[in-house]
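*Asks:* Give me a model of this one.
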Amino acid sequence: MGLLVLGASLSACGFEPPIHLPAGPGKDGYTAGPAPHETAASMGKGGGAQMLEYGKNLHQAWWHLFHSPRLDALVKQAMAHNPTLDMARAQLHQAEAVAAIDASVFYPQVSANLGAQRAKSVVQSGGGKSTSYTYSLFTGGVGVSYYPDIFGVNRLVYQGSEAQVEYQRYQLEAAGLSLSGNVVAAAIGEAAVRAQIDATRQIIRQERQLLKLTQTQYKAGSVSQLNVINQQAQLASSEAMLPPLMQQLAVYRHEMAILVGAYPSQWHGKPFTLAELHLPKRIPLSLPSELVKQRPDVQAAERQIRYAAALVGESRAEFFPTLQLTGNFGYASNATRLLFSPASTVWSLAASLVQPIFEGGKLNAQEREAKAVFEGEFANYRVTVLGAFQQVANALRAVQNDADALSAQRTALDDARQALDLAEYQYRTGATDYLSLLASEVQYNDAKIAYLKAQAQRYQDTASLLLALGGGWWHQPVKGVPASMAGTAGGASS
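*Replies:* Modelled structure (predicted):
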């Protein structure tokens, strides 16, 4: 009785180490210096100002903020067919099964048996004679075994398996979030490359017209052959830009196919364009204190700490005795007709207590190993949290700087367009030489491509910020199912 009271007391105290998670930055915010609240605005697609609404959380899956029905459908298709997500889901089911196995130890284990035996034995008499006996033995009964959890070992094992279930659940959420990010990034990348291809083809058409003009002027004796050669070289340089862009487009298309679980040859989805994507005007920006709750990777890292803490508790509990209770009740008879008679009943009750005394230092080594795992998982948690805040800080500044860069690129593009128009006019009228026209031509081509890249980068970094904030996965009706597969709740600001 005293042993049971002591065991219950020790079990209540627990052998696992306390978990004190590090505090976040508090009121310091995400970045050093003044926090941005509104971005710059410029003319053109994707040039609108963005409002950063601090203290507000996402109320739907993040990609809906781009207001593209085709993008929504593509993410949904990827969530339903992507094998990486299927693998994460299977790992969750495996962890749930392991937890169910570990939970069975809290209950008595009951088994039934029925047996029949035919045997011969020999008995030696005092006079050197032997007598043989042939007999049958029939048995049947029920056995019960139970391990009272007086020192909490079973509880710690189950606690660790439950932590693993939650870890795999958050890993599934993280896989779904990463998958949605990859789909959106591929869609934006495809749209951006297509815009660059269209712009490059337009530039090539303009340069061919200039080449015809230069050739006409050369035949008329107005310019030298060098001007023709320079324009041919510029045209060839622009044409050489197309194959790499086509390769980038092919890569994005192939990536899109894989993300939705199809082979590249089977993907015939309609091309994405920047025109069908709408830059979110308002971005909900949760407080730093909420970030760790909204990042599935951080939550997964915390569950690994709890799993490691349970391992430490298990290793400490191994130093204490284990108690086993067993009981058997049944029948045994050499005749089947007498097997279930009262005279054939047999039973037994047993209790065993095993206390480790000397195991060559194994238990101490196991405890040191468990403590090292705990310390490693705690460090991994800190790395994950710091990385999460770094991603938000980087994306937050990127959104701000992208708007400034797009505004500057828009000004540069407009100025380059005016300069090229003026240079072409003056070249046709003979008011300027070919080198001035060529310089304006190159400057405009570069400004056009740079503007399109800045435009796409703003979309990409907005997506990165929404992902870094957790993506709104926590708005889901079914636990363990990515939000995009279970539907989303409510509406959100655009």
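*Asks:* hey, let's count contacts and neighbours off CA atoms from now on
*Replies:* Will do.
*Asks:* Do I have it right that E173 meets Q294?
*Replies:* No: the criterion here is Cα atoms under 8 Å, and E173 misses it with Q294 at 10.7 Å.
*Asks:* So which bits of whichever strand or helix holds A233 are buried?
*Replies:* Assigned by DSSP states H and E, A233 falls within helix 225-240. Within helix 225-240, the residues that count as buried by 16 or more other Cα atoms under 10 Å are N227, V228, N230, Q231, Q232, Q234, L235, S238.
*Asks:* and the residue nearest to Y263 when sequence neighbours are not counted, what does it touch?
*Replies:* Nearest residue to Y263 in three dimensions, chain neighbours excluded: A257, at 5.9 Å (Cα to Cα, 6 or more residues apart in numbering). Counting by Cα atoms under 8 Å, 6 or more residues apart in numbering, A257 makes contact with Y263, P264, Q266, W267.
*Asks:* Out of those residues, which sit inside strands?
*Replies:* Using DSSP state E, no member of these falls in strands.
*Asks:* Now restrict those residues to buried residues only.
*Replies:* Neighbour counting by 16+ other Cα under 10 Å classes W267 among the contacts of A257 as buried.
*Asks:* out of the contacts of A257, who's nearest R458?
*Replies:* R458 has its nearest neighbour among the contacts of A257 in W267, at 27.1 Å by Cα to Cα.
*Asks:* and the gap between the closest one and S104?
*Replies:* Distance, W267 to S104, by Cα to Cα, to the nearest Å: 47 Å.
*Asks:* Shouldn't the residue nearest to Y263 be within a helix?
*Replies:* Yes: A257: assigned to a helix according to DSSP: H, G, I helix; E, B strand; the rest coil.
*Asks:* any idea how far it is from K270?
*Replies:* Look at A257 and K270: by Cα to Cα, they are 12 Å apart.
*Asks:* Need the overlap of contacts for these two.
*Replies:* Joint contacts of A257 and K270 (Cα under 8 Å, 6+ apart) do not exist.
*Asks:* What does the pLDDT read for G330?
*Replies:* pLDDT, G330: 84.
*Asks:* Look at it and give its secondary structure.
*Replies:* G330 - assigned by three-state DSSP - is strand.
*Asks:* Name whatever forms a beta bridge with the spatially closest residue to it that is not a sequence neighbour.
*Replies:* Spatially, and ignoring its direct neighbours in sequence, G330 is nearest to G141 (3.6 Å; Cα to Cα, 6+ apart). When assigned by DSSP bridges, G141 has beta-bridge partners N113, G330.
*Asks:* Could you do the one 5 residues further on as well?
*Replies:* Y146 has these beta-bridge partners by DSSP bridges: L325.
*Asks:* any idea how far V354 is from it?
*Replies:* Applying Cα to Cα, the value for Y146 to V354 is 14 Å.
*Asks:* ok, now M246?
*Replies:* Counting by Cα to Cα, the gap from M246 to V354 is 72 Å.
*Asks:* Name the residue in these two with the higher neighbour count.
*Replies:* M246 (15 against 10; other Cα atoms under 10 Å).
*Asks:* helix or strand for the more buried one, which one?
*Replies:* Judged by DSSP H and E, M246 forms part of helix 242-259.
*Asks:* Check what pLDDT F151 gets.
*Replies:* So F151 comes in at 83 (pLDDT).
*Asks:* now the helices for this structure?
*Replies:* 2-13, 69-81, 83-103, 153-219, 225-240, 242-259, 288-294, 296-317, 362-429, 434-468, 483-486 (DSSP state H).
*Asks:* Low-confidence ranges, the stretch 201-350 of the chain, go.
*Replies:* Along the stretch 201-350 of the chain, no part satisfies pLDDT under 70.
*Asks:* need the contact list for G140.
*Replies:* G140 is in contact with A112, N113, L114, G115, G330, Y331, A332, counting by Cα under 8 Å, 6+ apart.
*Asks:* tally of neighbours for the spatially closest residue to V223 that is not a sequence neighbour?
*Replies:* Using Cα to Cα, 6+ apart and skipping the chain neighbours, the partner closest in space to V223 is Q217 (5.9 Å). Look at Q217: counted by other Cα under 10 Å, it has 17 neighbours.
*Asks:* distance of Q217 from V228?
*Replies:* Counting by Cα to Cα - Q217 and V228 are separated by 9 Å.
*Asks:* Run through the stretch 1-150 of the chain and note the low-pLDDT ranges.
*Replies:* Ranges of the stretch 1-150 of the chain meeting pLDDT under 70: 1-14, 28, 125-128.
*Asks:* Tell me the buried residues in the helix holding M246?
*Replies:* Going by 16+ other Cα under 10 Å, helix 242-259 has these buried residues: 242, 245, 248-249, 251-259.
*Asks:* Now do stretch 342-349: distance to the chain's middle.
*Replies:* Its chain's average C-alpha position is 59 Å from that of stretch 342-349, according to Cα atoms, centre = their mean, to the nearest Å.
*Asks:* Same question for that stretch: list its buried residues.
*Replies:* Counting neighbours by 16+ other Cα under 10 Å, one finds that the buried residues in stretch 342-349 are T345.
*Asks:* With stretch 288-306 instead?
*Replies:* Buried positions in stretch 288-306, judged by neighbour count with 16+ other Cα under 10 Å: 288, 290-292, 294-306.
*Asks:* likewise stretch 441-461?
*Replies:* So stretch 441-461, judged by 16+ other Cα under 10 Å, has buried residues 441, 443-445, 447-461.
*Asks:* same deal with stretch 354-372?
*Replies:* Buried residues in stretch 354-372, counting neighbours by 16+ other Cα under 10 Å, are found at L363, Q366, E367, A370, K371.
*Asks:* which residues touch the residue lying closest to the last one once chain neighbours are set aside?
*Replies:* To tie it back to what came earlier, the one meant is K371. Among residues not flanking K371 along the chain, V312 sits closest, at 5.8 Å (Cα to Cα, 6+ apart). By Cα under 8 Å, 6+ apart, the contact set of V312 is F15, E16, P17, E367, A370, K371, F374.
*Asks:* How much space separates the first one from L277?
*Replies:* Think F15. Distance from F15 to L277, by Cα to Cα: 55 Å.
*Asks:* what's the answer for the last one, then?
*Replies:* For F374, the distance to L277 equals 45 Å [Cα to Cα].
*Asks:* remind me which residues of the stretch 351-494 of the chain are low pLDDT?
*Replies:* Within the stretch 351-494 of the chain, the segments meeting pLDDT under 70 span 473-494.
*Asks:* run the last query once more with 50
*Replies:* Counting by pLDDT under 50, the low-confidence segments of the stretch 351-494 of the chain come to 477-494.
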